[in-house]
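Asker: fold the following for me, if possible:
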Amino acid sequence: MRIAVFGSGGVGGYFGGRLALAGNDVTFIARGGHLRALRSTGLRVDSINGDFTVSPVRATDDPAQLNNVDVIILGVKAWQIGERPTAWVP
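Answerer: Numbering: from 1, shown residues only. Just a heads-up that it's a prediction; the model follows:
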């Protein structure tokens, strides 16, 4: 399965990392120092369910580089996305 993870911190990093370990094709969308760290040292997760590292990691700051994906995980804080449209119904 092809998966894009926007926000590779605690939530996105954990679930994206677990999915990558399970054999899925995961690309992390990050920026700045976080992107550089992912590219140079991979993804390290310390968890009560067992620490793990994913390396190498596919990471980019340009979502346009992704081809078709099956799943998008948004692991970002609410203030990092715009307001929901008024026509949106939960």
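
Asker: the strands in this protein, which residues?
Answerer: 2-6, 25-29, 43-45, 52-54, 58-60, 71-74 (DSSP state E).

Asker: any idea which of those strands is most buried?
Answerer: strand 25-29 (a mean of 23; mean count of other C-beta atoms under 10 Å). C-beta here means a position set from N, CA and C on the backbone, and glycine is covered the same way.

Asker: now the angle from it to strand 2-6?
Answerer: 20 degrees (axes from the mean of the first three to the mean of the last three C-alpha atoms, to 10 degrees).

Asker: which strands and helices sit next to strand 25-29?
Answerer: strand 2-6, helix 10-21, strand 58-60 (3 or more C-beta pairs under 8 Å, 6 or more residues apart in numbering; DSSP states H and E).

Asker: which other residues reach that strand?
Answerer: Strand 25-29 is contacted from outside by 1-8, 12-13, 16-17, 19-20, 38, 43, 54, 57-61, 63, 66, 69, using C-beta atoms under 8 Å, 6 or more residues apart in numbering.

Asker: strand partners (parallel or antiparallel) of it?
Answerer: Here strand 25-29 has these sheet partners by DSSP bridges: strand 2-6 (parallel), strand 58-60 (parallel).

Asker: what's the closest of the ones you listed to residue 32?
Answerer: Nearest to residue 32 among the strands paired with strand 25-29 is strand 58-60 (11.6 Å), distances taken as C-beta to C-beta.
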